[in-house]
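1. The sequence and its predicted three-dimensional model are supplied below.
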Amino acid sequence: MSGREDIELEVRESEAKYASKAKSLALSKRFILIDPNLKLWVYIGPRRDYILVEDLYCSCGSFTRSLLKKSGCIHLASVKIARETGKYRVLMLTTNDIVGIIWDCVTVGYSLRLRRKL
């Protein structure tokens with residue numbers, strides 16, 4: 001194989017690995033839809049929670065860094081799959097609860113308030 005073919009193969013393998021990881025994360029049921037009208041989600045992670053606005057924003061560091069390279073992060077890719085497959089939970093929350101959960105995720109990185117509501 002030529003150098004170009006090697007690079008193309010490496011890119012395809014990397015994309016397949018990313019897609020597999022996104023699907024696995026999507027099926028984990030760690031995505032919580034907290035406001036359907038605003039398309040506002042929370043990803044409950046093992047160490048940190050992230051706020052997502054569907055197809056637009058994620059509060060994770062990877063999203064911020066990816067703005068320089070490409071659009072999105074693994075959480076945005078996964079929430080799309082979760083939505084399409086129905087592998088997510090929905091919480092009916094008050095505006096105060098939503099604001100509190102966002103505050104927790106952004107300032108502390110983890111929302112006990114959200115976990116209590118589950």
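-> Done, it's in.
2. what about the nearest residue to residue 90 once chain neighbours are set aside, how many neighbours?
-> The shortest distance from residue 90 to any non-neighbouring residue, by CB to CB, 6 or more residues apart in numbering, is to residue 33 (4.7 Å). The C-beta positions use only the backbone N, C-alpha and C, and glycine is treated the same way. By other CB atoms under 10 Å, 20 other residues sit near residue 33.
3. got any ranges where this protein has weak pLDDT?
-> 1-11, 70-71 (pLDDT under 70).
4. make it 80
-> 1-15, 66-72 (pLDDT under 80).
5. Just the helices from it, written as ranges.
-> Assignment of helices within the chain using DSSP state H yields the ranges 3-26, 61-66, 74-85, 95-107, 112-117.
6. In space, not sequence, find me the middle residue of this structure.
-> Residue closest to the mean C-alpha point of the chain, counted by CA atoms, centre = their mean, is residue 75 at 2.2 Å.
7. how many neighbours does the spatially closest residue to that residue that is not a sequence neighbour have?
-> Nearest residue to residue 75 in three dimensions, chain neighbours excluded: residue 58, at 4.6 Å (CB to CB, 6+ apart). Per other CB under 10 Å, the neighbour tally for residue 58 reads 24.
8. For residue 58, list the residues it contacts.
-> 43, 50, 51, 52, 72, 73, 75, 76 (CB atoms under 8 Å, 6 or more residues apart in numbering).
9. what's the answer for residue 44, then?
-> 30, 31, 32, 114, 115.
10. Tell me how far it lies from residue 86.
-> Distance, residue 44 to residue 86, by CB to CB, to the nearest Å: 17 Å.
11. Likewise for residue 68?
-> Taking CB to CB, one finds residue 68 at 34 Å from residue 86.
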